[in-house]
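S.K.: pasting the structure only:
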């Protein structure tokens, strides 16, 4: 019976993958996802160039090669597993459609809005530092060195996607930037309702235990909790961020099919599960939550008791052997 169940499950995974490929092809045809909100009057609408556009361009061949390397790292960040990445995430796991799709965390806005002040680390960040944050939190890892070949390639790919957008364009007026916040839920977010949404819509790809799907040592669907998922400092542990991501992008092939309430509830459920420790952990979860409450954790369940568990009350750092990458340090911009 177990073998039969596994066979059926694998068949369903193949069916889902096929529908995803079909959806991706349709989305690529229009260069936008389907069923997204209409642009508002006066919004900056940017259609990022594709890799085909890169091939057809008259840019220097070496620059093209570096941008392609950045694209390769962006789409398959798992090739840095054990060096910079210590979970089952790729950049494209959160920034879908090659980092190009609106409402799916498109990465080109970072190119034209940075350098800028960022409340999460309380200083001015540039593009490399923003990418470093993704490696440190979302990848539960440590970033490529600033100025390294891999970091240069990643920034080159980001900048290619921003081609044609003026520097310091109004970040608040960009169509589909980030994961635009949904209206507040009509009902208070609910763990049990979220669990039901997860079982009905998410378990086929991300598994009952949230561990995702890995076949032949290749990540097919990323883990959404547990040791192989993003840690407690990742932006997507904020309820409003995950709710928007789910609403506009999930389930794969059926974006915008869940109600806003369902998106809020399932986000609450997923982000009420354990994951690797917050890299800024002081040794006490409640103290850490309080320290970063105003700038981050007031929107998370970190350090909160849910279903009889005090979330984040542990020293587990997942697959890595360190808590905080050395690169996560304050900047003072003084001559000292």
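M.R.: Received the coordinates, thanks. Predicted model only: the values in this text are computed from it and were never measured.
S.K.: and residue 310, what does it touch?
M.R.: 285, 303-304 (Cβ atoms under 8 Å, 6 or more residues apart in numbering). Glycine gets a C-beta too; all of them are placed from N, C-alpha and C.
S.K.: So in terms of bridging, what pairs with it?
M.R.: Bridge pairing for residue 310 (DSSP bridges) gives the partners residue 305.
S.K.: got a pLDDT number for it?
M.R.: Per-residue pLDDT puts residue 310 at 98.
S.K.: one step back: reformat the contacts of residue 310 as JSON lines; add pLDDT, distance to residue 201 and neighbour count.
M.R.: Rendered in JSON lines, the data for the contacts of residue 310 read as follows (pLDDT from 0 to 100; distance: Cβ to Cβ, whole Å; neighbours: other Cβ atoms under 10 Å):
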{"residue": "285", "pLDDT": "98", "distance to residue 201": "30", "neighbour count": "20"}
{"residue": "303", "pLDDT": "98", "distance to residue 201": "28", "neighbour count": "21"}
{"residue": "304", "pLDDT": "98", "distance to residue 201": "25", "neighbour count": "15"}
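S.K.: so where's this protein shaky on pLDDT?
M.R.: For the chain, the stretches flagged by pLDDT under 70 are 1-34, 335-336.
S.K.: how is it carved up into domains?
M.R.: 44-173, 191-310 (automatic domain parsing).
S.K.: Redo the ones you listed as a markdown table? Include distance to residue 330.
M.R.: What follows is those, written out as a markdown table (distance: least, Cβ to Cβ, whole Å):
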| stretch | distance to residue 330 |
| --- | --- |
| domain 44-173 | 6 |
| domain 191-310 | 11 |
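S.K.: Out of these, which gets nearest to residue 322?
M.R.: domain 44-173 (7.4 Å; Cβ to Cβ).
S.K.: okay, how far is it across the closest one, tip to tip?
M.R.: 6 Å (Cα to Cα, to the nearest Å).
S.K.: Distance from it to the middle of the chain?
M.R.: Domain 44-173 sits 12 Å away from the centroid of its parent chain (Cα atoms, centre = their mean, to the nearest Å).
S.K.: before we move on, what about stretch 234-249?
M.R.: Distance of stretch 234-249 from the chain centroid (Cα atoms, centre = their mean) equals 9 Å.
S.K.: what does stretch 181-199 give?
M.R.: With Cα atoms, centre = their mean as the basis, stretch 181-199 stands 20 Å off its chain's centre.
S.K.: For residue 329, find the nearest of the domains of the chain.
M.R.: Relative to residue 329, the nearest member of these by Cβ to Cβ is domain 44-173, separated by 9.0 Å.
S.K.: As TSV, the contacts of residue 310 with distance to residue 278 would be great.
M.R.: Below are the contacts of residue 310 laid out as TSV (distance: Cβ to Cβ, whole Å):
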residue	distance to residue 278
285	8
303	9
304	13
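S.K.: All the strands of the protein, in order from the start?
M.R.: Taking DSSP state E, the strands of the chain run over residues 116-118, 123-125, 213-215, 218-221, 305-306, 309-310.
S.K.: export those to JSON lines and tack on distance to residue 93?
M.R.: Formatted as JSON lines, the strands of the chain follow (distance: least, Cβ to Cβ, whole Å):
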{"stretch": "strand 116-118", "distance to residue 93": "22"}
{"stretch": "strand 123-125", "distance to residue 93": "22"}
{"stretch": "strand 213-215", "distance to residue 93": "12"}
{"stretch": "strand 218-221", "distance to residue 93": "8"}
{"stretch": "strand 305-306", "distance to residue 93": "24"}
{"stretch": "strand 309-310", "distance to residue 93": "25"}
